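# Fold the following, please.
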Amino acid sequence: MLETQIKYAMVTGASKGIGKSMAVALAKRKINLLLIARSADELSTLQTEIKNQYGVEVDILPIDLSLPDAPTEVKNWVTGKNYAVYILINNAGYGLWGKFADLGLAGQLEMCRLNMNTVTSLSHLFLPTLFKEKQAYILNVSSTAAYQAVPTLAIYSATKAFVLSFTRALRFELKDSNVSVSCLSPGPVDTGFASRAGLDAFSKMAEKFNMQPEEVAEIAIKGMFDKKSEIIPGFTNIISVYANRILPKGFIEKMAAGIYKTK
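The predicted structure follows:
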């Protein structure tokens, strides 16, 4: 690595929600940013706002990360611009709500590609880059839904369970290296996730428990730099995760089914 290279943090799904808030939290710490998301307009607006307010370098790449070749295109873009990435935040992802048999297969498979394949690919593609740094970080974004099966969010919760398990294993494999690996598992966050997932009925109840994305982002970035294994923002979410570990699975799944039930 050339000493003249500027170091960057790369954040996927950076145009809104937790991803956007984590980008801002990093910029507050004077960390340069590479922001990845689908929306060119939202990324461009965020790029201007962060540059003007925090005076850090920001480059953007509008791309649909659910496409099979997208991770390789991201890596080629970074390599072509000679950027030194020392923080990789795999945040891009989404959920679909409904009974497995009723939801379209194409949408569910696209969700699998984005939530699992993209995380896997970017982690593998960027590890050689991260190994070159004195200290580097990977932060994968899961969910409290990863800790139990969730009827009507069957595929989403399964993909987030993959992210959690993958992160734990990768952290162990890299424990003697320069790369610290952490997993963020937020509960309900005021990001518009419920609406995109089709959870309009649940969104009103979620408002009582929602955390703000800025709060979650600060906890996430601090936890990442503290090299924590699992970062679970919010006392209620921590309690729910521990309850999932000790209560019978059938009981937990029945409760989850009641919360997320369809008509």
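
# who's in contact with M22?
The contact partners of M22, by CB atoms under 8 Å, 6 or more residues apart in numbering, come to 11, 14, 89, 91, 217, 220-221. Bear in mind the C-beta positions are built from the backbone N, C-alpha and C, glycine included.

# make it 6 Å
M22 makes contact with 11, 217, according to CB atoms under 6 Å, 6 or more residues apart in numbering.

# same question, Y83
Per CB under 6 Å, 6+ apart, neighbours of Y83: Y8.

# Next one, pLDDT for R168 please.
We have a pLDDT of 97 for R168.

# host element of it?
helix 154-173 (DSSP states H and E).

# Buried residues of that helix, list them for me.
154-164, 166-167, 170-171 (16 or more other CB atoms under 10 Å).

# so what's the residue positioned nearest the centre of the chain up against?
Central residue of the chain (CA atoms, centre = their mean): N91, 2.2 Å from the mean position. Counting by CB under 6 Å, 6+ apart, N91 touches 12-13, 19, 141.

# tell me what the helix or strand harbouring L139 is packed against?
When elements are assigned from DSSP H and E, L139 belongs to strand 136-141. If you count contacts as 3 or more CB pairs under 6 Å, 6 or more residues apart in numbering; DSSP states H and E, strand 136-141 packs onto strand 84-90, strand 179-184.

# Now do the nearest residue to T12 once chain neighbours are set aside against P71, distance only.
Excluding the flanking residues, the one nearest T12 by CB to CB, 6 or more residues apart in numbering is A92, at 3.9 Å. Applying CB to CB, to the nearest Å, the value for A92 to P71 is 11 Å.

# rewinding a little: looking at the buried residues of helix 154-173, spot the one nearest F131.
Closest approach to F131 among the buried residues of helix 154-173 (CB to CB): L170, at 13.1 Å.

# Right, I'll leave it there.
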